[in-house]
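# I'd like to go over a predicted model; first the sequence, then the structure.
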Amino acid sequence: MQILKGAPVAAAIRDEIKKELEGCETKPCLAIVRVGEKQEDLSYERSALKRMSGVGIETKLFVFPADISMDDFSAEFAAINDDPTIDGILLFRPLPAQLNESQIVESIAPEKDVDGISSAALGKLFSGDKHAFAPCTAQAVMEIIHFYGIEPQGKRTVVLGRSLVVGKPLSMLLLNENATVTICHSRTASLPEVCREADILVTAIGKAKWVDERFVSEKTIVIDVGINVDENGMLCGDVNFGQIEDKVSMATPVPGGVGAVTTAVLAKHVLEAAKGRRALNSKGGKNGTYKPHAHPVQILLGGHGRSAPGLPCGYLRPFEGTRHHRRPAHAPQRH
């Protein structure tokens, strides 16, 4: 069995981004919006900050207390959404119960929805728009498929899971490449038999080690999207890897598979969003430099209205000017 590791896929994506940004005067900028202190959000936040910095993408981190009101959060989020220096927005979900998550998600500017979570982004994807931002995890699966030379066209592909985060958008991405796709779920009759017929089996159900040898055959390529914790407190996927590793042709590990690629895809989407918003002159421009804003926006550095040393006002170096210390008395602190 060939193990489909995510690390070389992510490295290849990052190298492409670095090459494209080399010599650019200004860099794309991602806003990371977190409400509360959930451990899973903090973990992904640390990973995202590290990966963005590693490829030269700037980040602005906005942190709000878990008890923030809908009115206050809506106002703060609108300001983030309207900030012309921000190219993409990553919103950690689920939001606390007092916040109308659907309303917030639908308010994200389509050109900044780099995680593909709004109805507008999903509508573009489902209509076949090749420029639509797919949810990063779904796109990460496709990046792995492409990197390892797996040809979806004509393949029987089973997607186990029907969420809007992975199952449904991934099915559309596979259909766009002429795979024959079956979406399965908890009510699917004879589920192991249906999965066993697949050339490519993607699991995204959120059940630890639930998929076992009954679901696979010698021809199966298994891509495990699940991130779970087993009975020993260890990270694992939806697939019982020990039971299937000698019975399939290829499989992704957990950890070290799809999850390793997701933040690289996020960075790729931020770059693409910046191209669309700022007209990155990657062909005719000098050194591939971004065309500057007509009216650069001043950035607050440590609460003082000034630009970063050596840069035009409104432009940031990676990890510089990302922490906002000045705030109204009623507003949450931004870090």
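Looks like it came in fine.
# Can you give me the distance of Ile80 to Ile183?
As judged by C-beta to C-beta, to the nearest Å, Ile80 and Ile183 stand 34 Å apart. C-beta coordinates here come from the backbone N, C-alpha and C atoms, glycine included.
# neighbour count winner among these two?
Looking at Ile80 and Ile183 with other C-beta atoms under 10 Å, you find the greater number of neighbours at Ile80, namely 19 against 16.
# Quick check: closest non-adjacent residue to the more buried one.
Once its chain neighbours are removed from consideration, Ile80 has its nearest residue in Ala31; the separation is 5.3 Å (C-beta to C-beta, 6 or more residues apart in numbering).
# Which parts of this structure are strands?
Using DSSP state E, the strands assigned to the chain run over residues 2-3, 29-35, 58-64, 88-91, 156-160, 180-184, 200-203, 221-224, 228-229, 235-236, 250-251, 300-301, 304-305.
# Please convert the ones you listed to JSON lines, extending it with mean pLDDT and distance to Phe126.
Rendered in JSON lines, the data for the strands of the chain read as follows (pLDDT from 0 to 100; distance: least, C-beta to C-beta, whole Å):
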{"stretch": "strand 2-3", "mean pLDDT": "98", "distance to Phe126": "32"}
{"stretch": "strand 29-35", "mean pLDDT": "98", "distance to Phe126": "25"}
{"stretch": "strand 58-64", "mean pLDDT": "97", "distance to Phe126": "30"}
{"stretch": "strand 88-91", "mean pLDDT": "98", "distance to Phe126": "21"}
{"stretch": "strand 156-160", "mean pLDDT": "98", "distance to Phe126": "14"}
{"stretch": "strand 180-184", "mean pLDDT": "98", "distance to Phe126": "13"}
{"stretch": "strand 200-203", "mean pLDDT": "98", "distance to Phe126": "18"}
{"stretch": "strand 221-224", "mean pLDDT": "98", "distance to Phe126": "21"}
{"stretch": "strand 228-229", "mean pLDDT": "92", "distance to Phe126": "28"}
{"stretch": "strand 235-236", "mean pLDDT": "94", "distance to Phe126": "31"}
{"stretch": "strand 250-251", "mean pLDDT": "98", "distance to Phe126": "28"}
{"stretch": "strand 300-301", "mean pLDDT": "28", "distance to Phe126": "39"}
{"stretch": "strand 304-305", "mean pLDDT": "30", "distance to Phe126": "44"}
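# Let's have those strands in TSV, adding distance to Ser74.
As requested, the strands of the chain are arranged in TSV below (distance: least, C-beta to C-beta, whole Å):
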stretch	distance to Ser74
strand 2-3	46
strand 29-35	12
strand 58-64	11
strand 88-91	13
strand 156-160	35
strand 180-184	35
strand 200-203	36
strand 221-224	37
strand 228-229	34
strand 235-236	35
strand 250-251	44
strand 300-301	21
strand 304-305	25
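# For Thr262, find the nearest of these.
Checking the strands of the chain against Thr262 by C-beta to C-beta gives strand 88-91 as the closest, at 11.1 Å.
# List the buried residues of that closest one.
For strand 88-91, burial by neighbour count (16 or more other C-beta atoms under 10 Å) applies to Gly88, Ile89, Leu90, Leu91.
# which residues touch the first one?
Gly88 sits next to Pro28, Cys29, Leu30, Ala31, Lys112, Asp113, Val114, Leu266, His269, Val270, Ala273, Ala274 when contact means C-beta atoms under 8 Å, 6 or more residues apart in numbering.
# Next one: it relative to Pro28, how far apart?
In terms of C-beta to C-beta, Gly88 sits 7 Å off from Pro28.
# so what sits against both of those two?
With C-beta under 8 Å, 6+ apart applied, the overlap between the contact sets of Gly88 and Pro28 consists of Val270, Ala273, Ala274.
# Could I get the pLDDT score of the last one?
Per-residue confidence (pLDDT) for Ala274: 95.
# Model confidence for the spatially closest residue to it that is not a sequence neighbour, exactly?
The shortest distance from Ala274 to any residue other than its chain neighbours is 3.5 Å, reached at Pro28 (C-beta to C-beta, 6+ apart). The model reports Pro28 with a pLDDT of 96.
# tell me the phi and psi of Pro28?
Dihedral angles phi and psi of Pro28 (degrees, to the nearest 10) take the values phi -60, psi 160.
# burial measure for it, as a count.
When neighbours are counted by other C-beta under 10 Å, Pro28 registers 29.
# Equivalent analysis for Lys5, please.
Taking other C-beta under 10 Å as the criterion, the count of residues near Lys5 is 17.
# Around Pro94, count how many other residues there are.
For Pro94, the tally of surrounding residues (other C-beta under 10 Å) stands at 10.
# Spit out the contact partners of it.
Pro94 makes contacts with Glu101, as judged by C-beta under 8 Å, 6+ apart.
# Kindly report the same for Leu42.
Applying C-beta under 8 Å, 6+ apart, one finds that Leu42 lies in contact with Arg34.
# State the distance from it to Leu174.
Relative to Leu174, Leu42 is positioned 32 Å away (C-beta to C-beta).
# quick one, what contacts the residue nearest to Cys236 when sequence neighbours are not counted?
In space, Cys236 comes closest to Asp230 once its chain neighbours are excluded; the distance is 4.5 Å by C-beta to C-beta, 6+ apart. Taking C-beta under 8 Å, 6+ apart as the contact definition, Asp230 lies against Ala208, Lys209, Cys236.
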